[in-house]
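Trainee: coords below, sequence missing:
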């Protein structure tokens, strides 16, 4: 007779073993509920690291995310935090594959940045299906917190509505009533053109024409020629990154601005101004959610970031810092990294950091904060490296962003 | 206002002229590719990267040596051409007898490396390069405002294209080159140093790409990606013109540039596919290309 058989025959002994096994099970599951699954919080930064938007977010955002982890203390609920990153090449299919792989086999808990609207929409849908958090800082379309919103999806740094209100609003006020659009031919471009048009029309202006160009086009001369003959007094550039740079450079060459038309670079950040140079960019009006030389706190952040990357951050990079930091704070407060609990905290907690100032998050996932209307300085006005902008105005978050109740997001009752 | 197919005539003329300007770049780049393919039977996938290298060399010359646009226009093709010749001596020469796939893979890898290096140091948004002051401003042609610099691009590329064509078709050196591709053993037997000839050819092809790069620098942002944006179109141009046909590459470059310009007037969304549609049709009807030999 073996020992095992003896144990099973002894009723008392059997009871003890079962009870302790049950207790053990219960204690492990409680331990899991009170902390972090698989002992690690893994945040994936998925963005363009080699294409037209590589300076817009790119490796700089990965560095910003690492700064957020360090500022948080390197650990959350006694578990390690890891940042992973990948290049989605602005292709929704590649991004979707990476996202699935990250969620299914690499234990990634949340995906952030997601530059390019078509990519962000695709990955947010996957995150929703898999019940995972995504915080978009790189893409602009308001669809993310509109019809295609997700209970676990958040939109951080900016969106097309904020850009339309900021840059569009400023130009309409200065008398730019007749608009012609040069639009990038995908979700982001349509969204930006649509919202700016609405805004222009609502303020008594009109849209006299529009032309769509493919993403990462290099020659804009024929489109600019059409804009020139359209009779518009504002040429709205509903594109981004290197596309906008090339369009601005070529607009100067074709005498667009000399002939009295104004350029509205609807999405233009510090990174692109740096690439274009002040000589060509001077006088442009633009809207960003962050400018490093705005106050002491932003300067300190900018200089720390500069030390690590050799550049100053734009709103995408600072926004990614804020998103990572807030996600970690939410895990801390929820006491777990379980998606529902963290999403609840992210919706409820105020956002307070160097990027957001004092922000709130709407029930549709939109982070609402003040935006800044900026003007690019003349070369003679720039006193130090990266001294590029004058802050013209602060746009209150409530004006810049769509009221969650009117966003069309089915989650808002 | 006179209308042509519902488009005002001045707009149409403007677009035709712009097509001609873009066609100049296509012609210059496809000419280099055609020479390399025609004489070396090598598909030079690094051509776009070498074009980018031209633009960056001009930028670096300006920033680190203070050398302006005009000297750079001569110096850059020489520097980049020598770089190409060195690559040919060190690597490509070993691939001549093998399957063309090896050359294609090698040059493709080279392109990725060059782009990666410049992206690492200069970022994807690139660097500005100012138009030379002597060509700044523009001329009002009545139907459009033509930037003087773009006018210069058309003239410069025409001169270089015709010059290269004459060099290969009408000179003794060109005759050696053409003979070497027909039967290199025989030409070598006549005492011509064929390997040196091939090195020079590759260098010349690369120098043409670099020349186009310098021409492009003031128009486009000097960016690591500028080559990969244009190279696929240029390959289509070479295929339509007939692989290796030098005259074919030049003529097709201009014609397709103009076709693309017209597409931008009538249906802008198709402007970056129209060249490939033409390529598909040409391949169906004349597989050797418009100017190719069967």
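Mentor: Thanks, I have the structure now. Model, not experiment: these values are computed from the prediction. Numbering: from 1, shown residues only, chains lettered A, B, ... in the order given.
Trainee: mind listing what residue B:263 touches?
Mentor: Contacts for residue B:263 (Cβ atoms under 8 Å, 6 or more residues apart in numbering or on different chains) come out as B:270, B:271, B:274. To be clear about C-beta, it is placed using only N, CA and C from the backbone, and glycine gets the same treatment.
Trainee: checking my notes, residue A:44 in a strand, right?
Mentor: Yes. Per DSSP: H, G, I helix; E, B strand; the rest coil, residue A:44 lies within a strand segment.
Trainee: residues contacting it?
Mentor: A:83, A:84, A:85, A:86, A:98, A:99, A:102, A:106, A:108, A:110, A:111, A:112.
Trainee: next, count neighbours for the nearest residue to residue B:91 once chain neighbours are set aside.
Mentor: Spatial nearest neighbour of residue B:91, chain neighbours left out: residue B:106 (6.3 Å); criterion: Cβ to Cβ, 6 or more residues apart in numbering or on different chains. When neighbours are defined as other Cβ atoms under 10 Å in any protein chain shown, residue B:106 has 19 of them.
Trainee: assign residue B:106 to helix, strand or coil.
Mentor: Assignment for residue B:106 (three-state DSSP): helix.
Trainee: per-residue confidence at it?
Mentor: We have a pLDDT of 95 for residue B:106.
Trainee: still on that earlier bit, and the contacts of residue A:44, which of them are buried?
Mentor: Using 16 or more other Cβ atoms under 10 Å in any protein chain shown as the burial test, these include A:83, A:84, A:85, A:86, A:98, A:99, A:102, A:108, A:110, A:111, A:112 as buried.
Trainee: ok, now how distant is residue A:46 from residue B:127?
Mentor: Residue A:46 sits at a distance of 27 Å from residue B:127 (criterion: Cβ to Cβ, to the nearest Å).
Trainee: which of these two has more residues huddled nearby?
Mentor: Set side by side, residue A:46 and residue B:127 show more neighbours around residue A:46, with 28 against 22, by other Cβ under 10 Å.
Trainee: quick one: name the residues of the stretch 151-300 of chain A near chain B.
Mentor: Neighbours of chain B within the stretch 151-300 of chain A, by Cβ under 8 Å from any Cβ of the partner chain: A:185, A:211-214, A:216-219, A:221-223, A:225-226, A:228-229, A:241-242, A:245-246, A:249-250, A:253-255, A:259, A:271-272, A:274-277, A:279-280.
Trainee: can you list the weak-confidence ranges in the stretch 251-400 of chain A?
Mentor: Applying pLDDT under 70 to the stretch 251-400 of chain A flags no residue at all.
Trainee: helices along chain B, start to end?
Mentor: For chain B, applying DSSP state H gives helices covering B:9-40, B:47-65, B:69-90, B:100-122, B:148-170, B:172-182, B:184-189, B:194-216, B:226-241, B:246-266, B:274-285.
Trainee: off-centre distance for the third one?
Mentor: How far helix B:69-90 lies from its chain's middle: 14 Å, per Cα atoms, centre = their mean, to the nearest Å.
Trainee: what sits against the residue in the stretch 151-294 of chain B that chain A sits nearest to?
Mentor: Nearest to chain A, among the residues of the stretch 151-294 of chain B, is residue B:264, at 4.1 Å (Cβ to the nearest Cβ). Going by Cβ under 8 Å, 6+ apart, residue B:264 touches A:222, A:223, B:15, B:18, B:271.
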